[in-house]
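Student: sequence and predicted model, in that order:
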Amino acid sequence: MAAQPDYRIYPSLLIAFQNLLDYELVAEEDWNKVSEAAHERGEYLDRDIGDYKLTPDEMYLKLEADLIDSINRIDGQYGEAADKGTAFNEIVDCLIENRKSSREDCKIYSITNDYGVKVIRSDIHDFTFDFDIALCKETADFFSGSVTQFLAEATMETSFGSVLLYGYIDEWVSNIMYDIKTTGRYSWGKFEHGWQRHVYPWCVIEAGMTTRIDQFVYYVIEWAYQRKGEPLRAKGVYQESYDYDHTESGRKIREMLELLLTWLHARKEFIQDKRIFGGENPKGWHGQPVDIDKLEKFIFGNNLKIA
């Protein structure tokens, strides 16, 4: 029987931690700036158009709170954009495999909407999305014959102990892995700091599933502006490709894990999910959102910013 790992980590946690390390750059992104539309809605009227909504320190606190809530698996934390991407990915996989959705939280069906347009509809959590049928079929055709949602997992040794790395590869075709991304705005290099491109190939090679992965590709759908009654269509479809180097990716993963685990132990009083420390949660366990005021005092009162 294999020994239980000391920690369990998945790529989205590494991505959230990367955002925390890069909080000053995140604070400068366009979504953190006050727009004319925000003023028209009566929001941020105490600030000029173009000013930042959150200061760098406020952004740091938000990103750390989001990371802790992600670890504690708070329901609905990711919101509309993430659920839209999840629903689209599930539709594509259902078309590739000619099956109905097996997800309990995602209902998928064809329907003519109230405006007389035939769409593929998804009800997921508190959202309903109508997707363009042609876009869904074209994406599924591109990935025809791929292995979908393959569980990649392997253990890496660190100075803190053993870490089980795991996650699901969206599409795997021969020596190329793909991660399907959807976004409202795209520019090349958007996913350069994504950790899937390191973790998934490393895991399958270490686990003996294959001896070689040549590339990891982010297959990106940039959403077009959606007018009332229209389904979600693509403004553009892009492939952001990265060559894979097993030794280099292993080094980068280990360095990042040790930074994350240092932070994790310093925040242990806020971590409710026992699985991340290799344990198990009681039956029926649900995480609770972090106390933001307590976290703020903890971070800034003890000078514990990590970046």
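Tutor: Received, thanks.
Student: and the lowest-mean-pLDDT helix or strand in the chain, how far from the chain's centre?
Tutor: The weakest-scoring helix or strand in the chain, judged by mean pLDDT, DSSP states H and E, is helix 36-40 (a mean of 83). Mean C-alpha position of helix 36-40 versus that of the full chain (CA atoms, centre = their mean, to the nearest Å) differs by 29 Å.
Student: equivalent analysis for stretch 101-111, please.
Tutor: 20 Å.
Student: ok, residues contacting stretch 176-196?
Tutor: Contacts of stretch 176-196 with the rest of the structure, by CB atoms under 8 Å, 6 or more residues apart in numbering, involve 11, 14-15, 18, 22, 30, 81, 84-85, 88-89, 92, 139, 143, 146, 167, 169-172, 197, 200-201, 213-223, 236, 238, 240, 242, 253, 256. For glycine as for every other residue, the C-beta is placed from the backbone atoms N, C-alpha and C.
Student: among the residues you listed, which are in strands?
Tutor: 167, 169-172, 215-223, 236, 238, 240, 242 (DSSP state E).
Student: how much does the helix of greatest length in the chain deviate in direction from strand 215-223?
Tutor: Selection of the longest helix in the chain by residue count, based on DSSP state H, yields helix 246-266. For helix 246-266 against strand 215-223, the angle by axes from the mean of the first three to the mean of the last three CA atoms, to 10 degrees is 60 degrees.
Student: buried set for helix 246-266?
Tutor: Ser249, Lys252, Ile253, Arg254, Met256, Leu257, Leu259, Leu260, Leu261, Trp263, Leu264 (16 or more other CB atoms under 10 Å).
Student: so what's the second one closest to, chain neighbours aside?
Tutor: Beyond its immediate neighbours in the sequence, the residue positioned closest to Lys252 (CB to CB, 6 or more residues apart in numbering) is His198, lying 5.7 Å away.
Student: what does Gly161 give?
Tutor: Using CB to CB, 6+ apart, the closest residue to Gly161 is Asp6 (3.3 Å).
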